[in-house]
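Colleague: just a sequence and a predicted model for now, questions to come.
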Amino acid sequence: MTRILIAEDEPEVRKYLKLALNCQGYEVELVENGQEAVDCLENHGENISLLLLDLMMPIKDGFETLKEVRCGYPLRIMYSSERSYSSKRRRSRFLIEANRA
């Protein structure tokens, strides 16, 4: 079974992503910030296939987390960032990195 680590500081987003991915048959681990993501990967990295990484998080943001885990773990990384593109609306952008394995 594919195991996914979600690093997201918004509780409702974490809850929704876990529910959606569990319904598709994925096993999901949840963390609230980049430091927790690094800690989880240090302890369980060999069992995680994909990291869903929010770039704007407290304690250790997604950029710092990405630098730390990019070379150390053979997993795919999908990251998102909510940025303002106009004063009236916001949207998220998702990017996927190639598998480092």
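Modeller: Thanks, I have the structure now. Numbers count the residues shown, from 1 in each chain.

Colleague: okay, and the helix or strand of the protein with the least pLDDT?
Modeller: Sorting the helices and strands of the chain by mean pLDDT, DSSP states H and E puts strand 90-96 at the bottom, at a mean of 43.

Colleague: and the strands in this structure, which stretches?
Modeller: 3-7, 27-31, 50-54, 76-84, 90-96 (DSSP state E).

Colleague: pull up the pairing partners for the third one, direction included.
Modeller: Each strand that strand 50-54 pairs with, and the sense of that pairing, follows from DSSP bridges: strand 3-7 (parallel), strand 76-84 (parallel).

Colleague: could those go into TSV alongside mean pLDDT?
Modeller: Formatted as TSV, the strands paired with strand 50-54 follow (pLDDT from 0 to 100):
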stretch	mean pLDDT
strand 3-7	92
strand 76-84	72
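
Colleague: which of those strands is buried the deepest?
Modeller: Highest mean neighbour count among those (mean count of other Cβ atoms under 10 Å): strand 3-7, with a mean of 23. (Glycine included, C-beta is placed from N, CA and C.)

Colleague: what's that strand in contact with?
Modeller: 14, 17-18, 21, 26-34, 36-37, 40-41, 44, 47-54, 57, 62, 65 (Cβ atoms under 8 Å, 6 or more residues apart in numbering).

Colleague: buried residues in stretch 25-40?
Modeller: 26, 28-38, 40 (16 or more other Cβ atoms under 10 Å).

Colleague: what distance separates the start and the end of it?
Modeller: This stretch, stretch 25-40, spans 21 Å end to end (Cα to Cα, to the nearest Å).

Colleague: now it: mean pLDDT?
Modeller: Averaged over stretch 25-40, pLDDT sits at 92.

Colleague: now do it: distance to the chain's middle.
Modeller: 7 Å (Cα atoms, centre = their mean, to the nearest Å).

Colleague: please apply the same query to stretch 17-28.
Modeller: Worked out by Cα atoms, centre = their mean, stretch 17-28 lies 14 Å from the chain centre.

Colleague: likewise stretch 5-13?
Modeller: Centre-to-centre, stretch 5-13 and its host chain are 8 Å apart (Cα atoms, centre = their mean).
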